[in-house]
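[1] Structure, please.
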Amino acid sequence: MGGGVLWDGIHELDYVIWLMGDVLEYHALYDNRMILDIETEEIAEIILRHAGGVISCIHLDYIQPLKRRGLELVGAQGSFLWRALEKTRKK
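    Below is the predicted model:
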């Protein structure tokens, strides 16, 4: 509906905040390079600092032809990786 990658990727923000806790600080860059000929942002990078000291990074884009979603948690005692591969972007 024209909301851009930040609006469509709101679930990534939701689950990172749910898992890591409240956000104390954030930084974000987003852009529309007109690759897809849309009027909203096509790519975004978001960095969050959570109340518990965790730093999280979220990458969102419409540019890659293969739609992917996932999560990677990295800690001193181990890591967790989840990836969901989905359909390719229609041309």
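[2] Return, as residue ranges, the portions of this protein with sub-threshold pLDDT.
    Applying pLDDT under 70 to the chain picks out residues 1-2, 86-91.
[3] sec struct for residue 45, please.
    With DSSP: H, G, I helix; E, B strand; the rest coil as the basis, residue 45 sits in strand.
[4] What distance do you get for it to residue 77?
    To residue 77, residue 45 is 27 Å away according to CB to CB, to the nearest Å. Bear in mind the C-beta positions are built from the backbone N, C-alpha and C, glycine included.
[5] which of these two has more neighbours?
    Neighbour comparison, residue 45 and residue 77: the larger count goes to residue 45, with 14 against 4 (by other CB atoms under 10 Å).
[6] Excluding chain neighbours, give the residue nearest to residue 33 in space.
    The shortest distance from residue 33 to any residue other than its chain neighbours is 5.9 Å, reached at residue 42 (CB to CB, 6 or more residues apart in numbering).
[7] again, but for residue 62
    Per CB to CB, 6+ apart, closest to residue 62 is residue 42, 4.6 Å.
[8] Equivalent analysis for residue 27, please.
    residue 47 (4.7 Å).
[9] Return the residues in contact with the one you found.
    Residue 47 is in contact with 26-28, 55-58, counting by CB atoms under 8 Å, 6 or more residues apart in numbering.
[10] Please, where are all the strands along this protein?
    23-31, 43-50, 55-61, 66-75, 78-88 (DSSP state E).
[11] can I get those in a markdown table with distance to residue 5?
    Listed next are the strands of the chain as a markdown table, based on distance: least, CB to CB, whole Å:
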| stretch | distance to residue 5 |
| --- | --- |
| strand 23-31 | 7 |
| strand 43-50 | 5 |
| strand 55-61 | 5 |
| strand 66-75 | 11 |
| strand 78-88 | 15 |
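[12] Surely residue 28 touches residue 46?
    Yes: with contacts counted by CB atoms under 8 Å, residue 28 reaches residue 46, the gap being 4.5 Å.
[13] Thanks a lot, see you next time.
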